[in-house]
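1. sequence-free structure coming up:
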Ligand code: URA
Ligand code: SF4
């Protein structure tokens, strides 16, 4: 209901017409949930409208919030390397996030900003932007990077470990879509066995590369 806390949604900010540039401009002024208050700027998706592959992450991190582009920090560097090794051409990808504002806490005032996972409510609020990107790009395949992206598009029962590295065929916003879930590149960076985790990510991206043909 309007005026209640449950009213968090990007919907009224999303233009019905226009391409990706119009979406990006409008998203810069989104106030659909409280995350815009503390973040520096909206970090919208990046890539060509003709991309065959869409990659969906969680939310921008510290570097992305500063630079205004998705996946330009440490997780992005690792993702770039993995995509290159899987033979996926970056020019054929559109990269975005389930949530478009950086959510963080500080251990102490003025200290380093620490990533905080978005809630399901925030992810749901931001969903209309992701839906609009999907409708404009119409990718042949979607790679879900981690649980937040999975829940955003496939619902809260999504579990990465159960479906990673497989080609799913699901109806999303009334259209059939093919998706390959995998782990989030930040999870690879945090893993105890980083090499093993990286090989796992690469194996999943190989599945995506083959599915694209
Ligand atoms: N992690 C994400 O999920 N997205 C980014 O853009 C950067 C880090
Ligand atoms: Fe809007 Fe999404 Fe930012 Fe919330 S996180 S203000 S819904 S763009």
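-> Yep, it's here. Just so it is clear, the model here is predicted, and its values are computed rather than measured. Ligands and ions are numbered 1, 2, ... in the order given.
2. what's the local residue count around the residue in the chain that ligand 1 sits nearest to?
-> Of all residues in the chain, residue 57 sits closest to ligand 1, at 2.8 Å by Cβ to the nearest ligand atom. The way it works is simple: take the backbone N, C-alpha and C, and place the C-beta from them, glycine included. Residue 57 has 27 neighbours, counted by other Cβ atoms under 10 Å.
3. show me the beta-bridge partners of it.
-> residue 97 (DSSP bridges).
4. how close does it sit to residue 152?
-> 10 Å (Cβ to Cβ, to the nearest Å).
5. common neighbours of those two, please.
-> residue 98 (Cβ atoms under 8 Å, 6 or more residues apart in numbering).
6. picking up where we left off before, do you know the pLDDT at the residue of the chain closest to ligand 1?
-> On pLDDT, residue 57 comes in at 98.
7. so it makes contact with residue 183?
-> No. Using Cβ atoms under 8 Å, residue 57 is not in contact with residue 183, being 11.2 Å away.
8. residues that sit against both of those two, list them.
-> 145, 146.
9. show me what contacts residue 154?
-> Taking Cβ under 8 Å, 6+ apart as the test, what residue 154 contacts is 144, 168, 170, 172, 179.
10. the strand ranked longest in the chain near ligand 1 anywhere?
-> Determined from DSSP state E, the single longest strand within the chain is strand 175-182. No. Applying Cβ under 6 Å from any ligand atom, one finds strand 175-182 out of contact with ligand 1, separated by at least 12.3 Å.
11. if anything else comes up later, I'll come back, but that's it for now.
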